[in-house]
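Visitor: sharing a sequence plus its predicted fold:
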There are 2 protein chains.
Amino acid sequence: MPQTMIPKKELVQEARTVAAALAQYSTMVVVGIGGSSQGLRAITSALGARKKTIIICDDLDPIAFQMATQHVDWKTTCINVVSKSGGTLEIMALASVVVDFLKKAVGEDWIHHVAVTTDPQVGFLRQWAKQHDLKTCQIPANVGGRFSIFTAVGLLPLCWAGYDIDALLLGAQSALADAAPKKWAEQQVEWDRSGRSIAVVMPYSSHLSDYARWFVQLWAESLGKSEVGQTPLVAIGTADQHAQLQMFAEGAKNKCIRFIIVKSWLQDIVVPESINPETSYLSGKSFGQLLTTAAETTAQALEQVDCPSYTIALPELNETALGHLMMCDIIMTLAAAKLYGVNPFGQPGVELGKKLWRQRIEA
Amino acid sequence: MPQTMIPKKELVQEARTVAAALAQYSTMVVVGIGGSSQGLRAITSALGARKKTIIICDDLDPIAFQMATQHVDWKTTCINVVSKSGGTLEIMALASVVVDFLKKAVGEDWIHHVAVTTDPQVGFLRQWAKQHDLKTCQIPANVGGRFSIFTAVGLLPLCWAGYDIDALLLGAQSALADAAPKKWAEQQVEWDRSGRSIAVVMPYSSHLSDYARWFVQLWAESLGKSEVGQTPLVAIGTADQHAQLQMFAEGAKNKCIRFIIVKSWLQDIVVPESINPETSYLSGKSFGQLLTTAAETTAQALEQVDCPSYTIALPELNETALGHLMMCDIIMTLAAAKLYGVNPFGQPGVELGKKLWRQRIEA
């Protein structure tokens, strides 16, 4: 039920209230991974930073972690620990480190700097929040991580930083009546069954790279079960015209492409007189125009070599458009799961790895 | 011939000489795309920044371009335009814009700020350099873009910024005697022929994301011909244990995995007392240890569901290790091309798209 992924008014209000209670801080460190970070990253990457800084910690790479946190002034920073289950190993490791930094910087006052976004009832984080009287937001029990972008997982940090969460939710709401996602699902599953087992998602904007990665989790983790499911693959235009297009055009005929273009850019760059007289046709063209025509002509070229595609056009990069697209993709994924006959929820296939990892560390 | 991709002494010297002539500048804007930027990005991402700043412009996304260039002080900045062919459309557009910025900032003096890295004889950039007496480095005529990292394409900016290019070249040289790459090639092609058509490359370090993308171009563009070639897919540990692992474990059985781990980290993070008593086993463990055990136990879990893998261990993230790995991957790719019976050079499949794009813009 896609509409269950849009939270009720009181939960939106809860996110707003916690955001307001954290308004005194200028930086928020979000500790979350997978469904607890990727959707947030998709939106903040697409829309660019606001005045307040969100730092997402989802990475055990020690150098990356140090680079992300080295300039943080913990006195003016709040921490938002996000985990549906409340016990994800990486989150426990990362949260232990950042809470330790915070305690060293502000002492007993650390509890005022910390919020927790987790299941309303169960799990360690909920218990920890009660113990220390931390601010909390809930992820409804029936909304899994990769479907949680419209809950407090997204709303709390986005609202806190100054993004327009009303527009985001309106965009998501409007997608519930959109007929396109079910058609996309039918098309993708039909392509998969005819041997197109790889679903390329190819935005023509590097600002949508993180959106594409969010889509990868949604599609892969929801459908990759019972030996079915199309494999999602990220390509970014135009860079991947130089890296992957050769393979799409002449490699194994197992791909189908979903292009995403941005129709209008708030700020665009216009090419001045070309340094090369042979490319004088570039002069006066904008980067946005070049990107759109690149996507269109790539689709055309691929059609000639029998590689099918469809194109999604975002009016511009804003909250409404992203909310709409992300909810469309959730609907498409649920519809595809129905066609495949798999349960889109849960990820049973990763439990063994988690268990082995824990055992190895404990040993 | 992999050894032809390591340049002769005089070409290494040429890169050093041009780097020295640009030493007065504190920022270098590299205008290049695909093979002209991705290898450089792989190395600088893996090793982190040096005192001098390299900005890579390979993106027509107008907002990304503005963010990359908005704080550039053109008076203390040099531009390195990199294109083997000399006429790539994106490069002409991007170079026209940055040269225009530069001319507005420094006037006639612009020619002292610009270097060109291109074919020794042909193409617009060579001609443009002659016309304005610009500094130049050559990409040997027989080395294609995606194989060019050890030529001036990599050496000039790396040497200029303070990376150890001797160590990089030594690492590459030592790979020529390494027996592993041919075995990897045989293994990958065998897996592909038995239905494992997707080659996942999964480093356990986000610093190797750009290396993985470099590998994607190398593998996809060299082998994706005549309807053969395994499709490369990037996954990053541990984030993709939450995003893609479910699909590797229980989705379509068409994947094989190449894990990459880093054995030793110059700076590591140690988890203090865990905030969660139930994960007290994390206390005292380092992020590096956690990453390595995560890769090992994921491999083990995948083996149990019949998903094959092998693991490459980098001693640490430094120039020697990266030079070695990148040359190993070049050797593997050439060996795989031989097994597939395809020509690893050139990318004929993208010509139609380029032509249609140009026609559309000219229209």
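Guide: Looks like it arrived, so ask away.

Visitor: from here on, contacts and neighbour counts on C-alpha atoms
Guide: Will do.

Visitor: residue boundaries of the strands in the stretch 101-250 of chain A?
Guide: Counting by DSSP state E, counting those that start in this stretch, the stretch 101-250 of chain A has strands at residues A:114-118, A:135-138, A:198-203, A:231-234.

Visitor: which one of those strands lies nearest to chain B?
Guide: Comparing the strands of the stretch 101-250 of chain A against chain B with C-alpha to the nearest C-alpha, the closest turns out to be strand A:231-234 (6.6 Å).

Visitor: for that closest one, the distance to its chain's centre please.
Guide: 14 Å (C-alpha atoms, centre = their mean, to the nearest Å).

Visitor: picking that back up, quick one: the strands of the stretch 101-250 of chain A as JSON lines, columns for distance to residue A:345, mean neighbour count and mean pLDDT too.
Guide: Shown next, in JSON lines, are the strands of the stretch 101-250 of chain A (distance: least, C-alpha to C-alpha, whole Å; neighbours: other C-alpha atoms under 10 Å in any protein chain shown; pLDDT from 0 to 100):
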{"stretch": "strand A:114-118", "distance to residue A:345": "18", "mean neighbour count": "26", "mean pLDDT": "98"}
{"stretch": "strand A:135-138", "distance to residue A:345": "19", "mean neighbour count": "24", "mean pLDDT": "98"}
{"stretch": "strand A:198-203", "distance to residue A:345": "20", "mean neighbour count": "24", "mean pLDDT": "98"}
{"stretch": "strand A:231-234", "distance to residue A:345": "17", "mean neighbour count": "24", "mean pLDDT": "98"}
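
Visitor: and the residue sitting furthest away from the middle of chain A, how close does it get to chain B?
Guide: Farthest-out residue of chain A from its mean C-alpha position, per C-alpha atoms, centre = their mean: residue A:277, at 42.1 Å. Relative to chain B, residue A:277 is positioned 9 Å away (C-alpha to the nearest C-alpha, to the nearest Å).

Visitor: how close does that residue get to residue B:96?
Guide: 11 Å (C-alpha to C-alpha, to the nearest Å).

Visitor: picking up where we left off before, so which of the strands of the stretch 101-250 of chain A gets nearest residue B:27?
Guide: Residue B:27 sits nearest to strand A:198-203 of all these, at 29.7 Å, using C-alpha to C-alpha.

Visitor: what residues does the stretch 1-150 of chain A have near chain B?
Guide: With the criterion set to C-alpha under 8 Å from any C-alpha of the partner chain, the stretch 1-150 of chain A comes near chain B through A:33-35, A:58-64, A:89, A:92-97, A:100, A:124.

Visitor: run the last query once more with 7 Å
Guide: A:33-34, A:60-63, A:92-93, A:96-97 (C-alpha under 7 Å from any C-alpha of the partner chain).

Visitor: now the stretch 101-250 of chain A, which segments are flagged as low pLDDT?
Guide: Nowhere does the stretch 101-250 of chain A drop to pLDDT under 70.

Visitor: now do the helices in it.
Guide: Here the stretch 101-250 of chain A has its helices, by DSSP state H, counting those that start in this stretch, at A:124-132, A:152-161, A:165-175, A:180-193, A:209-223, A:245-250.

Visitor: do you know which of those helices lies nearest residue A:42?
Guide: Of those, the one closest to residue A:42 (C-alpha to C-alpha) turns out to be helix A:209-223, at 4.2 Å.

Visitor: take the residues of the stretch 1-150 of chain A next to chain B and write them to TSV, including neighbour count.
Guide: TSV is the format used below for the residues of the stretch 1-150 of chain A next to chain B (neighbours: other C-alpha atoms under 10 Å in any protein chain shown):
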residue	neighbour count
A:33	25
A:34	22
A:60	27
A:61	23
A:62	22
A:63	23
A:92	25
A:93	27
A:96	20
A:97	20
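
Visitor: next step: those restricted to helices.
Guide: A:62-63, A:92-93, A:96-97 (DSSP state H).

Visitor: farthest-separated two in these?
Guide: Spatial extent of those (C-alpha to C-alpha) is set by the pair A:63 and A:92 at 18.4 Å.

Visitor: could you chop chain A up by domain?
Guide: Under the assignment automatic domain parsing, the domains of chain A span A:2-163, A:178-343.

Visitor: any idea how far residue A:281 lies from chain B?
Guide: 5 Å.

Visitor: one step back: residue A:290: which of the strands of the stretch 101-250 of chain A is closest?
Guide: Proximity to residue A:290 (C-alpha to C-alpha) singles out strand A:198-203 among the strands of the stretch 101-250 of chain A, at 13.5 Å.

Visitor: run through who's touching the helix or strand harbouring residue A:15.
Guide: In this assignment (DSSP states H and E), residue A:15 forms part of helix A:9-21. For helix A:9-21, contacts defined as C-alpha atoms under 7 Å, 6 or more residues apart in numbering or on different chains pick out A:135, A:137, A:152, A:155-156, A:159-160.

Visitor: who's in contact with the residue nearest to residue A:246 when sequence neighbours are not counted?
Guide: The spatial neighbour of residue A:246 that comes closest, neighbours along the chain excluded (C-alpha to C-alpha, 6 or more residues apart in numbering or on different chains), is residue B:349 at 4.9 Å. Listed by C-alpha under 7 Å, 6+ apart, the contact set of residue B:349 reads A:246, A:249-250.

Visitor: do you know the pLDDT at residue B:349?
Guide: Predicted confidence (pLDDT) at residue B:349: the value is 94.
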